[in-house]
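Student: sequence and predicted structure below; questions after.
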Amino acid sequence: MMIKNLKTKAATAVALGTLAMAAPANATIFEYDMTNGDLLTIDTDKSTATWKGKNIDTVMTSPDFAKFTGGANPRFTAVLTSLDGTRTIRGKTYTDNPKNINTTHPQKLIGQGSRFNLWAWWGDPIKGGDYIKHIGGYTATEVPAPGMLGLFGLALAALGFRRRRSRMATAKLAAA
């Protein structure tokens, strides 16, 4: 009985260790306050970014955001897989223009030290280009990845079920 208990505990430890490695323990959300009042937010877990302000309201996706490490003066380039939203130029609102994104001008978010550059064309016909703003300050917030929390909860439920089955088996043996 003692050896069986040790095997069960060892198997449980291996299973929990495997679950812990299966998903990232956390993600980071970086928020950059721009000197003009805009807010750029990069979420490494969702591989998304939003840029909101008086003259811009966009949502971007890129697998490159998962590798973003932040910092007060980031040097980083993310080639965008999507860019949705609007930008106001000289009082008129435009959407992004994806013309030439696969050739001469892929859409990118570029960290250039003290500033960010949203490298894109706006309007059809094109009325504006890059949106460049300087960083005023930033914060980074670590958040638990939801997938990891779910896996941990599932592991705990499985352990509880296993323990219940073990107690029921022991009770049957004692009754016999």
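Tutor: Received, thanks. Residues are numbered from 1 along each chain as shown.
Student: what about stretch 106-118, how long is it end to end?
Tutor: For stretch 106-118, the separation between the terminal residues is 11 Å (CA to CA, to the nearest Å).
Student: for it, buried residues please.
Tutor: The neighbour-count check on stretch 106-118 (16 or more other CB atoms under 10 Å) flags 107, 108, 109, 110, 111, 115, 116, 117, 118 as buried. The way it works is simple: take the backbone N, C-alpha and C, and place the C-beta from them, glycine included.
Student: contacting residues around stretch 91-109?
Tutor: 49, 58, 60, 62, 76-80, 83-88, 116-124, 126-128 (CB atoms under 8 Å, 6 or more residues apart in numbering).
Student: now do stretch 125-140
Tutor: For stretch 125-140, contacts defined as CB under 8 Å, 6+ apart pick out 28-36, 38, 40, 51, 53, 56, 70-73, 87, 89, 92, 94, 97, 99, 114-122.
Student: pull the CA atoms of it into CSV?
Tutor: Coordinates of each C-alpha in stretch 125-140 appear next as CSV, following Å, rounded to 0.1, in the frame of the first residue of the first chain:
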residue,chain,number,x,y,z
PRO,A,125,-6.3,57.7,-51.8
ILE,A,126,-3.5,58.0,-49.2
LYS,A,127,-3.8,61.1,-47.1
GLY,A,128,-1.1,60.4,-44.4
GLY,A,129,1.7,58.1,-43.5
ASP,A,130,3.5,57.1,-40.4
TYR,A,131,2.2,58.0,-36.9
ILE,A,132,5.1,58.9,-34.7
LYS,A,133,4.8,59.9,-31.1
HIS,A,134,7.3,60.3,-28.2
ILE,A,135,7.2,58.2,-25.0
GLY,A,136,6.4,60.1,-21.9
GLY,A,137,6.4,57.2,-19.5
TYR,A,138,5.5,53.5,-19.2
THR,A,139,4.4,50.8,-16.9
ALA,A,140,4.5,47.0,-17.1
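Student: what about that stretch, average pLDDT?
Tutor: Summarised as a single mean, pLDDT over stretch 125-140 is 94.
Student: okay, buried residues for that stretch please.
Tutor: Within stretch 125-140, judged by 16+ other CB under 10 Å, the buried ones are 128, 129, 131, 133, 135, 138.
Student: just send those back as TSV, with secondary structure and distance to residue 44 too.
Tutor: As requested, the buried residues of stretch 125-140 are exported to TSV (DSSP: H, G, I helix; E, B strand; the rest coil; distance: CB to CB, whole Å):
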residue	secondary structure	distance to residue 44
128	strand	29
129	coil	27
131	strand	22
133	strand	21
135	strand	18
138	strand	14
